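Asker: Just a sequence and a predicted model for now, questions to come.
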Amino acid sequence: MARRGTLEFFTSKEQQGIQATPPSRLSPTGTVFPRLIGWRRAAEPGPRRAGRLTWLARYPGGRRLAGHGLLLILAWAVAQAGVVSPMVASGAGSQERERGFFTSKERGGPAVMAEGYLTKWGNPLTTVPKRPRKEVLTYTVQEGDMVTLLAETFEVSPETIIWANPKVEEDPHFLSIGQQLVILPVDGVYYTVMPGDTVESVARKFKADPKAIVTYEFNQLKEPLELKPGQSIIVPGGEKPMPPRLVYTEAGVIVVNAPKAYGRFVWPTVGYITTYFSGAHPAIDVAGPPGTPIYAADSGVVTHAGWSGTYGLAVYIDHGNGYSTVYAHLSVIYVRVGQPVRRGAPVGKMGSTGKSTGTHLHFVVNYGGGAVNPLRYLPR
């Protein structure tokens, strides 16, 4: 019996409305009892069979008897084509058994017959506990890698990767293929011990817990707790300090702990230049997909974060060395006025707010009270 959209299996001939063959007439393999073989031989051609065939034709019930024999032969052939598991044929068990199939996720154990095929019930799923990584890895940069993506992959903060790799700290967004990166197992600072350093002084320097440094297995520190110059240790939860500096923002906020600018810019985003610097357009436009990350071109303090007329959503950063930068037409802003930002820190996402004809970053570099060509300061 079949209905549209479903498939039903019958587990016995009674369910099909057909009389079941008595078990006594079935062999262990499900074939018809050998009496059938005699009828099959009677139908074989040959000189000795001619008389028998003539007898069947003259016999009043011969044709009907021959028809029954043909049906038995067909039944024997079907039985040989596919043997149904006794578990399925019995009609007992769960709904899956009645339908003649099993799902590996719900069963475990030995092999069984299902729909004429030998299948193995799946073993119960085993959940392997995730063990925390304890070693420092050396990663080779591949095409398409970015610091933020690597941070997600290795489950550490982007700052942890930047702080552990001096070349990346100079320019976090332009990794070179084949470049070797040090990847820590936890968030923190990878520090090379200097003469005179102690556990307490290192902890104070990076605002960390001395006990975390001592107990971290990688450091292998034992009593007496003496650090050796040149020794590399991990400071779990540590942060690199920012040199103190006073900066006044347009909102009148005084920032006492502003990061020091490097004096060298990094590209604020990834994309392609659509409009170059000119007197009529004192900036460069870099186009890219909506939501492309926008980064601080150098360290500094946010002096404006919000709507800015034709610029739409924009971020202004004072770098404290005579330079300031503007990031316009953003779709999202991550920072606030007065917030210190490091070079390469995300400040928003590329968008098309304000007076804009498409998704892009309008990037302005100001120096000495006027706009200058950003390409003169960006790496090539």
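Answerer: It's in.
Asker: which ones are touching the nearest residue to Thr310 once chain neighbours are set aside?
Answerer: Leaving out its chain neighbours, the residue that sits closest to Thr310 by CB to CB, 6 or more residues apart in numbering is Lys355, at 3.9 Å. C-beta coordinates here come from the backbone N, C-alpha and C atoms, glycine included. Contacts for Lys355 (CB atoms under 8 Å, 6 or more residues apart in numbering) come out as 310-312.
Asker: now these: which count as buried?
Answerer: Listed as buried from those are 311-312; burial here means 16 or more other CB atoms under 10 Å.
Asker: Distance to Ser201, secondary structure and pLDDT added to the contacts of Lys355, as JSON lines?
Answerer: Shown next, in JSON lines, are the contacts of Lys355 (distance: CB to CB, whole Å; DSSP: H, G, I helix; E, B strand; the rest coil; pLDDT from 0 to 100):
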{"residue": "Thr310", "distance to Ser201": "52", "secondary structure": "helix", "pLDDT": "92"}
{"residue": "Tyr311", "distance to Ser201": "46", "secondary structure": "helix", "pLDDT": "95"}
{"residue": "Gly312", "distance to Ser201": "48", "secondary structure": "coil", "pLDDT": "94"}
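Asker: quick one: Thr357 and Thr274, what's the gap?
Answerer: Per CB to CB, to the nearest Å, Thr357 is found 10 Å from Thr274.
Asker: out of the two, which sits in the busier spot?
Answerer: Thr274 (13 against 9; other CB atoms under 10 Å).
Asker: now the more buried one, what's its secondary structure?
Answerer: Here Thr274 takes the strand state, with states given by DSSP: H, G, I helix; E, B strand; the rest coil.
Asker: roughly how far apart are the residue nearest to Thr310 and Ala305?
Answerer: Applying CB to CB, the value for Lys355 to Ala305 is 19 Å.
Asker: for Pro379, same thing?
Answerer: In terms of CB to CB, Pro379 sits 26 Å off from Ala305.
Asker: the more surrounded of the two?
Answerer: Applying other CB under 10 Å to Pro379 and Ala305 shows that Ala305 carries more neighbours, namely 24 against 11.
Asker: ok, what's across the strand from that one?
Answerer: Val315 (DSSP bridges).
Asker: Lys167: what's it in contact with?
Answerer: Gln179 are the contacts of Lys167 under CB under 8 Å, 6+ apart.
Asker: hang on, it in a helix?
Answerer: Yes - according to three-state DSSP, Lys167 belongs to a helix.
Asker: hang on, isn't Val193 packed against Glu226?
Answerer: No - here Val193 does not reach Glu226: they are 9.9 Å apart, not a contact under CB atoms under 8 Å.
Asker: So these two - more neighbours on which side?
Answerer: Between Val193 and Glu226, counted using other CB under 10 Å, the more crowded position is Val193 (17 against 12).
Asker: Please verify my assumption that His362 contacts Tyr311.
Answerer: Yes - using CB under 8 Å, His362 is in contact with Tyr311, at 6.7 Å.
Asker: Find residues that contact each of these two.
Answerer: 326, 328-329.
Asker: Next, count neighbours for Thr353.
Answerer: Counted with other CB under 10 Å, residues neighbouring Thr353 total 18.
Asker: Checking it next. Helix, strand or coil?
Answerer: Once three-state DSSP is applied, Thr353 turns out coil.
Asker: What distance do you get for it to Gly309?
Answerer: 11 Å.
Asker: out of everything not next to it in sequence, what's closest to Tyr339?
Answerer: Small correction: residue 339 is Gln, not Tyr. Excluding the flanking residues, the one nearest Gln339 by CB to CB, 6+ apart is Val302, at 4.7 Å.
Asker: any chance of the contacts of Lys355 in a markdown table, with distance to Val182 too?
Answerer: Below are those laid out as a markdown table (distance: CB to CB, whole Å):
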| residue | distance to Val182 |
| --- | --- |
| Thr310 | 44 |
| Tyr311 | 39 |
| Gly312 | 39 |
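Asker: Of the contacts of Lys355, which is the nearest to Ile284?
Answerer: The nearest member of these to Ile284, counting by CB to CB, is Tyr311 at 14.3 Å.
Asker: shouldn't that closest one be in contact with Gly351?
Answerer: No - Tyr311 is beyond contact range of Gly351, at 11.2 Å (criterion: CB under 8 Å).
Asker: anything in contact with each of the two?
Answerer: With CB under 8 Å, 6+ apart, Tyr311 and Gly351 have common neighbours His329.
Asker: following the helix or strand containing Glu200, which helix or strand comes up?
Answerer: Element membership for Glu200 (DSSP states H and E) is helix 199-205. Beyond helix 199-205 on the C-terminal side, the first helix or strand identified by DSSP H and E is helix 210-215.
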